[in-house]
Every structure is written in structure tokens, then in C-alpha cells.
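Peer 1: A predicted structure for the sequence below; I have some questions about it.
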Amino acid sequence: MKVAVPVKTISTLNAREHWSKKSARAKLHRSQAALALRVACVPRAPATAVVTITRIAPRPLDGDNLQGSLKSVRDGVADWLQIDDGSARVEWRYAQRKGAPKTYSVEVEVTS
């Protein structure tokens, strides 16, 4: 199953911004990811899963910034799975691909 999450991810490790702005963005990304999976007509989360989170943006990020930018999306997927995001039941994978200028989104693919 693959769903699109319409959020703009940024490198939070390098961002210099007020804590409230960062918190609001994290809350939005987390809730949007969980909502997208619920709306995808998936009646039940799998017991074990491989989750691939793909960032789509005009420019790539390096490995640690990629994972950092997708942390809130990962938390939203874990909320949908009703587990802790550190659980051994899930294998997390990260990817990225180039999108059109000024086009940002995240794609979440869950396989059991």
C-alpha cells in the first residue's frame, strides 16, 4: 500500500527557527501522515511491516538530514500502526527523489 502525504519537509537539524514553529510543523506532519493512512481504506495495520518513507523535493538532503526531516512522518506512521516507532516489528527505510520545482510531498509505502 502506498499513500501520498502533502507536506513540505525541511532539514530540521539545520533549521534555526523558534521552537513553536518547529513544534507546529512536527504536529502537522505527524497528524497528516496518520490521517493519510487511515483514509487509504486500510482496515487494519499489519503485525509486522516494512515502511519506506520517500521525500519528494526539488533538492536532495544528505542521509542524516533526510532521516531528521522525516521523523514526524515516521511518528505518524507509528501512531497508525499503534506501536512505538522504535519497535522491532517495523523496518524503517528512507528514500528521496527529485520532484518538480516548488513541489514537495512524502510518499509512505507499507508492506507486510
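Peer 2: That came through fine. Residues are numbered from 1 along each chain as shown.

Peer 1: only C-alpha atoms from now on, for both contacts and neighbour counts.
Peer 2: Will do.

Peer 1: any idea how far the residue of the chain positioned farthest from its centre lies from residue 12?
Peer 2: Most distant from the centre of the chain: residue 18, at 21.8 Å, with distances by Cα atoms, centre = their mean. Between residue 18 and residue 12 the computed distance is 12 Å (Cα to Cα, to the nearest Å).

Peer 1: for residue 72, the count of nearby residues, please.
Peer 2: As a burial measure, residue 72 scores 22 neighbours (other Cα atoms under 10 Å).

Peer 1: following the strand or helix carrying it, which helix or strand comes up?
Peer 2: Element membership of residue 72, judged by DSSP states H and E, is helix 71-81. Along the chain past helix 71-81, the next helix or strand (assigned with DSSP H and E) turns out to be strand 90-98.

Peer 1: what comes into contact with the helix or strand following that following strand?
Peer 2: Following strand 90-98 in sequence order, the next helix or strand is strand 105-111 (DSSP H and E). For strand 105-111, the external contacting residues (Cα atoms under 8 Å, 6 or more residues apart in numbering) are 1-9, 49-57.

Peer 1: just the buried members of those?
Peer 2: 3-9, 49, 51-57 (16 or more other Cα atoms under 10 Å).

Peer 1: ok now do the closest residue to residue 102 other than its chain neighbours, which residues does it touch?
Peer 2: Using Cα to Cα, 6 or more residues apart in numbering and skipping the chain neighbours, the partner closest in space to residue 102 is residue 58 (6.7 Å). Residue 58 makes contact with 98, 99, 100, 101, 102, 103, 104 under the criterion Cα under 8 Å, 6+ apart.
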